[in-house]
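Novice: Requesting a structural model of the entry that follows:
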Amino acid sequence: MKHINKSLVAAALAASLLSAPFAMAEKVLRIGHDNKADIMENPAHAFTGVFKNIVETATNGEIKVQVFPSNQLGSAKEHIQMVRDGQLQGTLAPVGPLAGYYPRIGVLDVPFAFKSNAATYEVFDGKFGQTLARDIEGELKDVKVLGFPDTGGFFSITNSKRPIESQKDFKGLRIRTMTLPTHQKIIQSLGAEAYPLAWGEVYSSLQTGVIDGQMNPIPTVSFAKFNEVQGYLTLTNHLFAPYTFMVNKDFYDGLTAEQQAIVSDAVEIALSSNRGLARLIEASNDRGLDGLKAKMKVNALSDGQRQAMRNATQPGLIEYIKETHGEKGTELLELFLAEVDKANQSVYLQ
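Specialist: Below you'll find the predicted structure:
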C-alpha cells in the first residue's frame, strides 16, 4: 500500500473548502473512490455524479458534495480509514479493502449464488442489505452505511491460454484474485492457481505473463483494456461483489432529519443510475461484449457447466465461511442464502 502524505491530504481538503463560495456556511460531503472522473465510463462515478447532483439541488446548496476520483487522496483502504477519522465524509468501499476492517464481508463470496442481476438488487436493497449495513455499522461504530452500489455486475474470467468450458480448462492457469482468502479458494477449487495481486499491477502482469488471467466484471475488463493482453473471456457469472457506500457517522448524525431523507433519496436514485450504466456498458457496441469480441473469444457457460462448477466450489466455501466467521458470520450467511434463494425464484411483476 502506498503511504499518504498527511500534510498534502490536509492541504488538498483545505483548498477544496476555500474554493467553494460561502464554504463555511455549507456542510461539505467529500467522497473518495478509485475510478476515473467520467460519469459515463464507470459505475462508481455514475453513482457519485448523480448523488452529488441530487443532494446539492435538493438541499438548495446546504450540502456541497465534492468527489475525489482515481484515488487522488490515497488507496481504497486508506479512503475507509479517512472516512472513519473524518478526513473524508464518504467512500465507495470495494470488498477487498473493506475486508481488512470488516472480515464478515466474505459472506458475500458464495460462488455461483445468483441467477440474475435483478436478484442481486433485490437482495442488497432488502432485508439482507439492511442487516449487512447494520452489522458493518456495529462493527466499525464510526460509519453509516447508505447502500450497495454495483461495481459492474457479475465477475467473468479472462485468460491468455484457452476458452474455459469445464473445470479441466482451469488446470495450469494462474489467475489473479484480490487478497481475499475466499476468492483464492474459489479459484483453487476450480483447479487453477490463485495469485493475489494489487490492482495496479494486474495489466502489466498479464502483459508479461506473470499471470495468465484475472476475474472482474465486464465494465472493468473493458475500461482496464484487458482485451489488449487477454485472448479469452468466459462469462462465468460466479461472483457479485458490490461497493459499500459509507459515510462518517458524526457527519451523518450532524445532518437534519430533512437532509438525511434527501441523502437517502439521492442514494436510491443514484443506485438506479449506477446499475443502469453497468448494464449499458455491458450492452454497448464499443465497450461491452460486442467490443470485446473484436479481440477476444467470448463464451458463456451453459446451465450444466455452471452447476458443475457450483458443485465444485460452493459447499467448501460455505463451510469455510462458517468456520472462519463464527456464529455471527453463520447467521449472516444463512440470511444471505435464504434471501438469495427467494430472489432467484422471484418473477418480475408476478
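Novice: Strands of the chain, start to end?
Specialist: 27-32, 63-68, 90-93, 143-147, 155-159, 174-177, 193-196, 213-217, 232-235, 244-248, 297-300 (DSSP state E).
Novice: Remind me what the fifth one packs against, helices and strands.
Specialist: Right, the one you point to is strand 155-159. strand 213-217, helix 218-223, strand 232-235 (3 or more Cβ pairs under 8 Å, 6 or more residues apart in numbering; DSSP states H and E). All C-beta atoms are positioned from the backbone trio N, CA, C, and that covers glycine.
Novice: Could you spell out the sheet neighbours of that strand, each with its direction?
Specialist: Applying DSSP bridges, strand 155-159 is found paired with strand 213-217 (antiparallel), strand 232-235 (antiparallel).
Novice: can you give me the mean pLDDT across that strand?
Specialist: Mean pLDDT, computed over strand 155-159, is 98.
Novice: And for the first one?
Specialist: Taken as a whole, strand 27-32 has a mean pLDDT of 98.
Novice: which stretches of the stretch 201-350 of the chain have low pLDDT?
Specialist: Filtered on pLDDT under 70, the stretch 201-350 of the chain yields no residues whatsoever.
Novice: And the helices in it, which stretches?
Specialist: 202-208, 218-223, 249-253, 257-283, 289-293, 303-345 (DSSP state H, counting those that start in this stretch).
Novice: Point out the most buried one among those helices.
Specialist: helix 218-223 (a mean of 23; mean count of other Cβ atoms under 10 Å).
Novice: Summarise which helices and strands that helix is packed against.
Specialist: Using 3+ Cβ pairs under 8 Å, 6+ apart, helix 218-223 sits against strand 155-159, helix 257-283, helix 289-293.
Novice: out of those, which comes closest to R176?
Specialist: strand 155-159 (9.7 Å; Cβ to Cβ).
Novice: Name the residues that touch the closest one?
Specialist: Strand 155-159 is contacted by residues 164, 173, 175, 212-218, 221, 226, 230-241, 296 when judged by Cβ atoms under 8 Å, 6 or more residues apart in numbering.
Novice: are any of these buried, and which?
Specialist: Neighbour-count burial (16 or more other Cβ atoms under 10 Å) applied to those gives 164, 173, 175, 212-218, 221, 226, 230, 232-241, 296.
Novice: what sits against V267?
Specialist: V267 neighbours (Cβ under 8 Å, 6+ apart): 51, 146-147, 245.
Novice: By neighbour count, which of those wins?
Specialist: F51 (28 neighbours; other Cβ atoms under 10 Å).
Novice: Am I right that that residue is in contact with L271?
Specialist: No - using Cβ atoms under 8 Å, F51 is not in contact with L271; the gap is 9.1 Å.
Novice: Distance check, H183 against I262.
Specialist: 37 Å (Cβ to Cβ, to the nearest Å).
Novice: cool, and G147?
Specialist: For G147, the distance to I262 - Cβ to Cβ - is 14 Å.
Novice: got a pLDDT number for the spatially closest residue to V247 that is not a sequence neighbour?
Specialist: Using Cβ to Cβ, 6 or more residues apart in numbering and skipping the chain neighbours, the partner closest in space to V247 is G90 (4.2 Å). Per-residue pLDDT puts G90 at 98.
Novice: Could you pull up the residues touching G90?
Specialist: 29-32, 83, 245-248.
Novice: try it again with 10 Å
Specialist: By Cβ atoms under 10 Å, 6 or more residues apart in numbering, the residues touching G90 are 29-33, 48, 51, 65-67, 79, 82-83, 143-144, 146, 245-248, 251-252, 263.
Novice: re the thing from before, make a markdown table out of the strands paired with strand 155-159 and add distance to A119.
Specialist: Listed next are those as a markdown table, based on distance: least, Cβ to Cβ, whole Å:
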| stretch | distance to A119 |
| --- | --- |
| strand 213-217 | 16 |
| strand 232-235 | 16 |
